[in-house]
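Sequence first, predicted model second:
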2 protein chains.
Amino acid sequence: MTVFMAGEQLQSEGSMSPPHQARLAYRAGLADSTAGVAPGFVQGNLAILPEKYAAAFHRFCQLNPKPCPIIGMSDVGNPMIPTLGVDLDIRTDVPAYRVWRDGEVIDEPADVMAHWRDDLVAFVIGCSFSFEEALLADDIPIRHIEEKVRVPMYRTNIPCTPAGPFAGPMVVSMRPLKPKDAIRAVQITSRFPSVHGAPVHIGLPQSIGIADIAKPDYGDAVTIKPDELPVFWACGVTPQAVIAAAKVPFAITHAPGLMLVTDLKNKHLAVL
Amino acid sequence: MTVFMAGEQLQSEGSMSPPHQARLAYRAGLADSTAGVAPGFVQGNLAILPEKYAAAFHRFCQLNPKPCPIIGMSDVGNPMIPTLGVDLDIRTDVPAYRVWRDGEVIDEPADVMAHWRDDLVAFVIGCSFSFEEALLADDIPIRHIEEKVRVPMYRTNIPCTPAGPFAGPMVVSMRPLKPKDAIRAVQITSRFPSVHGAPVHIGLPQSIGIADIAKPDYGDAVTIKPDELPVFWACGVTPQAVIAAAKVPFAITHAPGLMLVTDLKNKHLAVL
């Protein structure tokens, strides 16, 4: 299996870059949320699987690019992902991990040195932090940031295309927006296909299987004002949910909200 | 006043192009709707004003580009607009006209040879036919075409920026779409800023001053299904409504649905 080339330019300054500094802090034991860390730089969801399952999972991501946009990938057994960052060691550089056996979390360590194996393949999947930065830069307010909670996420009735043992519904994140801002948000996020791209739904949550918008399946509920529409984006929780449901014998992910901080720049992910 | 250069390439084939053929038929007296005529070619709304009012109207269009995107303009007193078409004579080449005095329609002639004056300036304004073609080409169904009626249009509470005597609310056209198609329609129509561009509103008609979606102010009502959202675009009826409200002593427009057929190609209007 070859290394996935993200095609993005790496930070290569003489002085240490903010994401590199952050990764070294996490490597040294810091286990904080990465929200707001190294502004301007891409953060990613992490999924690590044995080679036996990696090809099927890779195919799952290929078939479901909106919830599972791959921005980087390791070679088999190689914990370094140079396309995503200088000196980036996927075993140590995420603040906290979840180790899964048969669909259950069995450990939440600060590094996975003790769990690493020569047959593991790491996938790094784009995250909404990147497009949220672009929305904020365009003066579009983001409710869960205003209300200082986690983004609300919902299981939908939108099926992902299955691949091997990996199957299940798409999970979406929701941001309430004024219709004018929703239209602008479609334009802005369409420029960022590698971090979930354009919304998958606007305005009629029941039609995608969301019974109660006030009760997210993950994250926290947020206020939706009368002059706002709920706008839904495919969410990087989808691959984690799918890995859990597949009950593969062994997997590693990041702990929720504690992402991999890469050297890629958000603005370089824009296709236009 | 200089001639506006649309910057679009003209049809310059040896044989006569479909839009040129259509214009000659209208010049000879045909007064049919231009819906479906010369597919692929841009059609435009027409507004002709005395030079005394033309500068203010031009400024109004400049200030309100979504409802009033100018795709062509004549020189003062010159009825030919070569940037929009071979041999295009704005006095004869539209199927039917409306002649206005003090805000009232006083004549609906097949040509305006008898009304032409040396101080008149013609404005040609982009029309939704162009972006509808792009939507249909992307397999997005358009309800009023399916139901064989005119597009529903509504006066809103969105104020246009006034200029001189020209002022008033934006008029919008409405197409009901499934949310997924609405998102795609934002992407597609964003590529066409010179024919109204992206929608101005989605989903909450009352918040833009539309009391009853079943009662359009112009055109015909269409079915909105439970799994659809009403999607609103700025409409070329806005400048006509504004000219009527301004009660200028003299103006000429096209008759509704009987547009100017130009030699510009819809696909060339795409900015991406």
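Now that the structure is in, tell me what you want to look at.

where's A:A246 relative to chain B, distance?
With the distance defined as CB to the nearest CB, to the nearest Å, A:A246 ends up 27 Å from chain B. Where you see a C-beta, it was placed from the backbone N, CA and C, and this is true even at glycine.

Name the nearest residue to that residue, sequence neighbours excluded.
Closest residue to A:A246 apart from its sequence neighbours, by CB to CB, 6 or more residues apart in numbering or on different chains: A:P165 at 4.1 Å.

element containing the closest residue to chain B within chain A?
Nearest residue of chain A to chain B (CB to the nearest CB) works out as A:V186 at 4.1 Å. A:V186 belongs to helix A:179-190 when assigned by DSSP states H and E.

Packing partners of that helix?
The contact analysis (3 or more CB pairs under 8 Å, 6 or more residues apart in numbering or on different chains; DSSP states H and E) places helix A:179-190 against helix A:128-137, strand A:229-234, helix B:179-190, strand B:201-202.

Format these as TSV; extra columns: mean pLDDT, distance to A:P50 and mean neighbour count.
Formatted as TSV, the helices and strands packed on helix A:179-190 follow (pLDDT from 0 to 100; distance: least, CB to CB, whole Å; neighbours: other CB atoms under 10 Å in any protein chain shown):
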stretch	mean pLDDT	distance to A:P50	mean neighbour count
helix A:128-137	96	28	20
strand A:229-234	98	26	25
helix B:179-190	98	36	22
strand B:201-202	98	45	25
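
To A:G72, which of the ones you listed lies closest?
Nearest to A:G72, of all those, is helix A:128-137, at 13.3 Å by CB to CB.

Tell me where chain A has helices.
Residue ranges of the helices in chain A, as given by DSSP state H, are A:18-27, A:51-63, A:128-137, A:143-146, A:179-190, A:237-246.

Can you give me the buried ones in the second one?
Read it as helix A:51-63. Neighbour-count burial for helix A:51-63 flags A:53-54, A:56-58, A:60-61 (criterion: 16 or more other CB atoms under 10 Å in any protein chain shown).

Please apply the same query to stretch A:105-119.
So for stretch A:105-119, counting by 16+ other CB under 10 Å, buried means A:110-112, A:115-116.

Can you report how many residues lie near the closest residue to A:A110 other than its chain neighbours?
Excluding the flanking residues, the one nearest A:A110 by CB to CB, 6+ apart is A:A31, at 5.3 Å. A:A31: 16 surrounding residues under other CB atoms under 10 Å in any protein chain shown.

For the residue nearest to A:A246, report the pLDDT, please.
Looking at A:P165, its pLDDT stands at 97.

again, but for A:R91
With respect to pLDDT, A:R91 has a value of 98.

quick one: which of the helices of chain A is nearest A:G40?
Closest to A:G40 of the helices of chain A, according to CB to CB: helix A:128-137, at 7.2 Å.

what does the stretch 101-250 of chain A put close to chain B?
Contact residues, the stretch 101-250 of chain A versus chain B (CB under 8 Å from any CB of the partner chain): A:179-180, A:182-183, A:186-187, A:190, A:198-204, A:207, A:227, A:229.

10 Å instead, please
Counting by CB under 10 Å from any CB of the partner chain, the positions of the stretch 101-250 of chain A adjacent to chain B are A:158, A:177-180, A:182-187, A:189-190, A:197-208, A:226-229, A:231-232.

Burial check on the nearest residue to A:R150 once chain neighbours are set aside, number of neighbours?
Once flanking residues are discounted, A:R150 sits nearest to A:G219: 3.9 Å by CB to CB, 6+ apart. Residues near A:G219, counting by other CB under 10 Å, number 19.

Now do the contacts for A:G219.
Applying CB atoms under 10 Å, 6 or more residues apart in numbering or on different chains, we find A:G219 in contact with A:144, A:149-154, A:173-174, A:235, A:237, A:256-257.
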